[in-house]
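Student: just a sequence and a predicted model for now, questions to come.
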Amino acid sequence: MSMEDYDYLFKIVLIGNAGVGKTCLVRRFTQGLFPPGQGATIGVDFMIKTVEIKGVKVKLQIWDTAGQERFRSITQSYYRSANALILTYDITCEDSFRCLPEWLREIEQYANNQVVTILVGNKIDLADKREVHRQRAEEFAEAQSMLYLETSAKESDNVEKLFLDLACELIREAKQNTLDNNDSTPMPGEGKNINYLGCCSMN
Ligand SMILES: Nc1nc2c(ncn2[C@@H]2O[C@H](COP(=O)(O)OP(=O)(O)OP(=O)(O)O)[C@@H](O)[C@H]2O)c(=O)[nH]1
């Protein structure tokens, strides 16, 4: 038995155009604050938060990547071992939405094919500046088999839900994989810490 104080460990990577609010989402979730005058991320940043969901301790390793093109070769190397990707765009910036197919190509090329991807439309506090209608984004996400959620890092809207829903989904998938692989030898280097535990359902 591991001495680590968690039941599951998951790696979550945030990607998306520069300025869409990835760092602010991570800060809001991990530190409960909306940082003033947030500079652009250089390369990759890393934060940890352990949450408890229905008695199950889940350690989330959250990797915040730089959206700027010039860091792309660095950030790509973080996709491979990600259990989940948070693909973020800014609902007030059509351009950040139009770039999504480009990001999906990155995912296809660099992420593992079991990765859970959630599309997040951030900055919903700026409703009067909205350029991307919710329905359009929902349809896009559905067509790509992604979950979809709208957030405001500034107002703390749906941020907790984003990470907790993801954690629940990852637990669900980990349990399913454990069941599927019940009689087979575990694959090395999967990066998942899978145990049989109490039930955790999405709400
Ligand atoms: N109104 C509003 N502004 C936000 C929100 N989230 C982030 N911002 C602002 O958007 C700007 C960019 O936020 P960041 O979190 O640095 O964006 P990023 O996606 O991490 O950018 P890169 O590190 O360059 O990839 C900052 O000025 C934030 O204050 C939000 O929910 N609402």
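Tutor: Sure, I can see it.
Student: residues from this protein in reach of the ligand?
Tutor: Contact residues, the chain versus the ligand (CB under 6 Å from any ligand atom): 18-24, 38, 40-41, 66-68, 122-123, 125-126, 152-154. No exception for glycine: its C-beta is placed from N, CA and C like everyone else's.
Student: got the contact list for the lowest-mean-pLDDT helix or strand in the chain?
Tutor: Sorting the helices and strands of the chain by mean pLDDT, DSSP states H and E puts helix 72-76 at the bottom, at a mean of 85. Contacting residues not belonging to helix 72-76 are listed as 15, 43, 44, 65, 66, 106, 109, 110 [CB atoms under 8 Å, 6 or more residues apart in numbering].
Student: other residues contacting the helix or strand harbouring residue 57?
Tutor: Assessed by DSSP states H and E, residue 57 sits inside strand 56-65. Here strand 56-65 makes contact (CB under 8 Å, 6+ apart) with 4-15, 22-23, 26, 29-30, 41, 43-52, 71, 75, 78, 82, 163, 167, 170-171, 197-198, 200.
Student: where strands are concerned, which of those count?
Tutor: Among these, the ones falling in strands (DSSP state E) are 8-15, 44-52.
Student: just the buried members of those residues?
Tutor: Neighbour-count burial (16 or more other CB atoms under 10 Å) applied to those gives 8, 9, 10, 11, 12, 13, 14, 15, 44, 45, 47, 49.
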